[in-house]
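# The following comprises the amino acid sequence and a computationally predicted model.
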Amino acid sequence: MFAPRIQRRMFSASTRNLSKVTVLGAAGGIGQPLSLLLKMNPRVTELALYDIRGGPGVAADISHVNTKSTVKGYNPTPTGLAQALKGSDIILIPAGVPRKPGMTRDDLFNTNASIVRDLAKAAAEAAPEANLLIIANPVNSTVPICAEVYKARGVYNPKRLFGVTTLDVVRASRFVSEIKGTDPKDEEITVVGGHSGVTIVPLFSQSKHPDLSANAELVNRVQFGGDEVVKAKDGAGSATLSMAMAGARMADSLLRASQGEKGVVEPTFVDSPLYKDQGIDFFSSRVELGPNGVEKILPVGEVDAHEQKLLEACFGDLKKNIEKGVAFVAANPPM
Ligand SMILES: NC(=O)c1ccc[n+]([C@@H]2O[C@H](COP(=O)([O-])OP(=O)(O)OC[C@H]3O[C@@H](n4cnc5c(N)ncnc54)[C@H](O)[C@@H]3O)[C@@H](O)[C@H]2O)c1
Ligand SMILES: O=C(O)C[C@H](O)C(=O)O
């Protein structure tokens, strides 16, 4: 009867429970609350906060929070970025510009592609075995960019590269709970595809409320939830606080899984076999996490006719977004 508990204790005693987490872009709208939430996470033992400006200030502030982890800030000195990355178990990248009203995420490509490429190169050199979590948009392209950079250096491990799409399921569960008058923690909604507009595909037929798949307004709200925030912020950026929560949840799930917890499942945009036969190399679906990163990519499962149409609409854009990222690195390799 007590066996699982004893087993758990034995396992945690023998597993490496020291966890360095690095945030690149730590002084930004997402970076600051994300770093604070990571400081509150007892599984994080060391926090490294890097930004092109303001990293040490944010680190000094957060370091006064009375939890046990150490916090250090880094500037872009010749060795600052490498020091922030060295020994990291998890690297989160929210560095990059956010949208303004009227922009698509793809409109960020010209600025963010090179930022993410260069940070990925630094990560591939200083901490090639870390889990790399990409928040910077357009995620559908920035994740393939990282894969290409790691491949070029011969250190690509598809099990360690994640596009953070957690915010899409966070939104979906909250929006459903508002409609149904339920607690969002009881509303687990699968969202698959990518992270922009029609590439975001909620699968309500697999939830407790299959009828919702016919609710076009709700589907649209999940697909364009980011635009709702961009519009409300009126030029001052996009989602930062809800994104920080979603990023911290994804990091915590990886830490729990790496420290031996079984059955940890998160949605995430990964190098996936699910639609490779259709030329789509990266896809977000429910993924079981483990000590090596991706443990198992779960199938999309049954979808209804509404969702099948959404999936078909997703594939075209997603394929183009992925190809754009791959082509960018081929034409503009990191220096
Ligand atoms: N994946 C998602 O669900 C999701 C959700 C929200 C926002 N985002 C994206 O996250 C990104 C950041 O959004 P934000 O609101 O925090 O923007 P922000 O402008 O407030 O912060 C970005 C930070 O990145 C830093 N930065 C820029 N270039 C850098 C570099 N080369 N190295 C290190 N730091 C650098 C900036 O100095 C700034 O502090 C945007 O691209 C946005 O679209 C993604
Ligand atoms: O909408 C954006 O540009 C930011 C982010 O991708 C989001 O979904 O909130």
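Here it is on my side, so go on. Fair warning: this is a prediction, and the values are worked out from it, not measured in the lab. Ligands and ions are numbered 1, 2, ... in the order given.
# how close does the closest residue to ligand 2 within the stretch 51-200 of the chain sit to I52?
Of all residues in the stretch 51-200 of the chain, R99 sits closest to ligand 2, at 4.0 Å by Cβ to the nearest ligand atom. The C-beta positions use only the backbone N, C-alpha and C, and glycine is treated the same way. Distance, R99 to I52, using Cβ to Cβ, to the nearest Å: 20 Å.
# residues in contact with the residue of the stretch 51-200 of the chain closest to ligand 2?
R99 makes contacts with 105, 107-108, 137, 226, 230, 237-238, as judged by Cβ atoms under 8 Å, 6 or more residues apart in numbering.
# give me the subset of the residues you listed touching ligand 1.
The subset of those within reach of ligand 1, by Cβ under 6 Å from any ligand atom, is 108, 137, 237-238.
# Show me which of the contacts of R99 are buried.
Buried members of those, scored by 16 or more other Cβ atoms under 10 Å, are 105, 108, 137, 226, 230, 237-238.
# Pull the most distant pair out of those residues.
Maximum pairwise distance among those (Cβ to Cβ): 13.2 Å, between R105 and G237.
# Which residues of the protein lie near ligand 1?
Counting by Cβ under 6 Å from any ligand atom, the chain sits next to ligand 1 at 24-25, 27-31, 50-53, 94-99, 108, 112, 115, 119, 135-137, 139, 164, 167, 195, 237-240, 243.
# what about burial for the residues you listed, which qualify?
Among those, those scoring as buried are 24-25, 27-31, 50-51, 94-99, 108, 112, 115, 119, 135-137, 139, 164, 167, 195, 237-240, 243 (criterion: 16+ other Cβ under 10 Å).
# Sort out which of those residues are in helices and list them.
31, 112, 115, 119, 139, 167, 243 (DSSP state H).
# Quick one: low-confidence residue ranges for the stretch 51-200 of the chain.
Within the stretch 51-200 of the chain, no range satisfies pLDDT under 70.
# Which residue ranges of it form helices?
For the stretch 51-200 of the chain, the helices defined by DSSP state H, counting those that start in this stretch cover 55-63, 80-85, 109-126, 139-152, 166-180.
# Tell me the helices and strands packed up against the shortest one.
In this case it means helix 80-85. In terms of contacts (3 or more Cβ pairs under 8 Å, 6 or more residues apart in numbering; DSSP states H and E), helix 80-85 is packed against strand 20-24, strand 46-50, strand 70-74, helix 109-126.
# try 10 Å this time
Secondary-structure packing of helix 80-85 (3 or more Cβ pairs under 10 Å, 6 or more residues apart in numbering; DSSP states H and E): strand 20-24, strand 46-50, helix 55-63, strand 70-74, helix 109-126.
# Could you identify which of those is most buried?
strand 20-24 (a mean of 29; mean count of other Cβ atoms under 10 Å).
# sorry, back to before: of the helices and strands packed on helix 80-85, which is nearest R249?
Among the helices and strands packed on helix 80-85, strand 20-24 comes nearest to R249, with 13.4 Å by Cβ to Cβ.
# mind exporting that closest one as PDB, just the C-alpha atoms?
The C-alpha coordinates for strand 20-24 follow below in PDB (Å, rounded to 0.1, in the frame of the first residue of the first chain):
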ATOM      1  CA  LYS A  20      19.000  26.300 -13.100                       C
ATOM      2  CA  VAL A  21      16.500  28.200 -15.200                       C
ATOM      3  CA  THR A  22      17.600  31.000 -17.600                       C
ATOM      4  CA  VAL A  23      15.300  33.700 -19.000                       C
ATOM      5  CA  LEU A  24      16.500  35.500 -22.100                       C
END
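# Could you figure out how far it is turned away from strand 46-50?
10 degrees (axes from the mean of the first three to the mean of the last three Cα atoms, to 10 degrees).
# How far does strand 20-24 sit from its chain's centre?
Centroid separation for strand 20-24 versus its chain: 13 Å, with Cα atoms, centre = their mean, to the nearest Å.
# Within the sheet, what are the partner strands of that strand, with directions?
strand 46-50 (parallel), strand 90-93 (parallel) (DSSP bridges).
# To K320, which of the helices of the stretch 51-200 of the chain lies closest?
Set against K320 and scored by Cβ to Cβ, these come closest in helix 139-152, at 8.8 Å.
# So is that closest one next to ligand 2?
No - if you take Cβ under 6 Å from any ligand atom as the test, helix 139-152 misses ligand 2, and the best it gets is 7.1 Å.
# ok, now stretch 32-48?
No - counting by Cβ under 6 Å from any ligand atom, ligand 2 has no neighbours in stretch 32-48; the shortest distance is 13.4 Å.
# Quick one: end-to-end length of that stretch, please.
12 Å (Cα to Cα, to the nearest Å).
# And that stretch, how far out from the chain middle?
Stretch 32-48 has its C-alpha centroid displaced from the chain centroid by 16 Å (Cα atoms, centre = their mean).
# Just the mean pLDDT for it, thanks.
Here stretch 32-48 scores 98 as its mean pLDDT.
# if we can go back for a sec, tabulate the strands paired with strand 20-24 (CSV), appending distance to S253.
Formatted as CSV, the strands paired with strand 20-24 follow (distance: least, Cβ to Cβ, whole Å):
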stretch, distance to S253
strand 46-50, 18
strand 90-93, 11
